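[1] Sharing a sequence plus its predicted fold:
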Amino acid sequence: MVETAYQYIREQILKGQRMPGTVLSENELASEIGMSRTPIRSAVSRLEQEGYLLALKNRGVLVKEIPFREMLDTFELILTLQISSFDLSQEKNASYDLGVLGEKLRLQVEATEQRNYSAYIDHGLAFFRGVIQGAQNVMMLRVIDSLGDRFKQSAMVNYNLTPASPHFSMTPLNQAVYQAIEAGDYGRAKEVLHGANMEARRRALQGQM
């Protein structure tokens with residue numbers, strides 16, 4: 001039951017259904033999920049340890065704010081991992097699985113057309129991971145895996161807070177990267193990713209992220 005409660009609360013946080021600044025009540029969560037407070041308390045404690053929640057004395061638990069800088073730095077690190085993967089793949093004479101990458105991209109395009117932002121983020125991250133996998137470096141994959149959930153939460157919160165701003169920009173980015181990989185032009189792929197990082201910083205300065 002603890003795992004059920006944990007996954008339920010965590011998924012709501014990652015999808016932005018429980019926004020930063022929201023105070024959660026163990027009693028309300030227990031009633032909502034349909035279980036006693038004991039597994040809820042254990043699940044909440046686990047999410048506190050992972051940095052998603054903050055206990056408030058006699059007031060419940062708070063969904064923690066995501067520092068703006070953390071969101072920007074996380075995206076930059078993900079882009080940097082991809083850029084480095086092209087250098088390593090060339091040094092190791094490794095190749096990319098275009099079929100697998102193409103399928104991940106197709107799913108992201110489909111989610112974009114359906115305006116399903118949560119699925120769009122999931123498939124976008126899967127594409128990023130597929131690119132990084134080309135470096136054949138286990139530690140790089142562990143890093144991207146550790147960043148995924150936090151990146152998704154940041155993206156979903158930003159999406160909910162800025163409905164009028166342009167979104168879904170990762171789709172054309174990944175399309176351009178895929179086309180460069182397909183053409184064997186890794187230099188072009190790196191240029192695209194560098195450009196995406198500069199654009200993210202420009203938008204951040206204008207308050208558009």
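    Great, that's in hand. Numbers count the residues shown, from 1 in each chain.
[2] Helix, strand, or coil at residue 99?
    helix (DSSP: H, G, I helix; E, B strand; the rest coil).
[3] count of residues packed around it?
    By other C-beta atoms under 10 Å, the residues close to residue 99 number 7. For glycine as for every other residue, the C-beta is placed from the backbone atoms N, C-alpha and C.
[4] Checking the closest residue in space to residue 56 that isn't next to it in sequence next. Helix, strand or coil?
    Leaving aside its sequence neighbours, residue 56 sits nearest to residue 62 (C-beta to C-beta, 6 or more residues apart in numbering; 5.5 Å). The three-state label given to residue 62 by three-state DSSP is strand.
[5] Do I have it right that residue 62 meets residue 22?
    Yes - counting by C-beta atoms under 8 Å, residue 62 touches residue 22, with 7.3 Å between them.
[6] Please enumerate the helices of this protein.
    2-14, 26-33, 37-49, 68-91, 98-113, 117-133, 138-161, 170-182, 186-205 (DSSP state H).
[7] Pick the most buried one from those.
    helix 117-133 (a mean of 22; mean count of other C-beta atoms under 10 Å).
[8] That one packs against which elements?
    helix 68-91, helix 98-113, helix 138-161, helix 170-182 (3 or more C-beta pairs under 8 Å, 6 or more residues apart in numbering; DSSP states H and E).
[9] List the backbone torsions phi and psi for the residue of the chain positioned farthest from its centre.
    Going by C-alpha atoms, centre = their mean, the residue of the chain most distant from its centre is residue 58, 32.3 Å out. Phi and psi for residue 58, reported as degrees, to the nearest 10, are phi 60, psi 20.
[10] give me every residue that touches the residue nearest to residue 56.
    Residues in contact with residue 62 (C-beta atoms under 8 Å, 6 or more residues apart in numbering) are 21-24, 53-56.
[11] ends of stretch 43-62, how far apart?
    14 Å (C-alpha to C-alpha, to the nearest Å).
[12] pLDDT averaged over stretch 55-74 - what is it?
    Averaged over stretch 55-74, pLDDT sits at 87.
[13] Stretch 24-34 now?
    pLDDT averaged over stretch 24-34 gives 88.
[14] can you give me the offset of it from its chain's centre?
    Centroid displacement of stretch 24-34 relative to its chain, using C-alpha atoms, centre = their mean, to the nearest Å, is 27 Å.
[15] Can you lay out the helices and strands packed on helix 117-133 as JSON lines showing distance to residue 188?
    Shown next, in JSON lines, are these (distance: least, C-beta to C-beta, whole Å):
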{"stretch": "helix 68-91", "distance to residue 188": "10"}
{"stretch": "helix 98-113", "distance to residue 188": "15"}
{"stretch": "helix 138-161", "distance to residue 188": "21"}
{"stretch": "helix 170-182", "distance to residue 188": "4"}
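[16] which one of the ones you listed lies closest to residue 31?
    Closest to residue 31 of the helices and strands packed on helix 117-133, according to C-beta to C-beta: helix 138-161, at 24.4 Å.
[17] Please state the offset of the closest one from the chain centre?
    Per C-alpha atoms, centre = their mean, the centroid offset for helix 138-161 relative to its chain is 3 Å.
[18] could you say what helices and strands that helix packs with?
    Judged by 3+ C-beta pairs under 8 Å, 6+ apart, helix 138-161 is in contact with helix 2-14, helix 68-91, helix 117-133.
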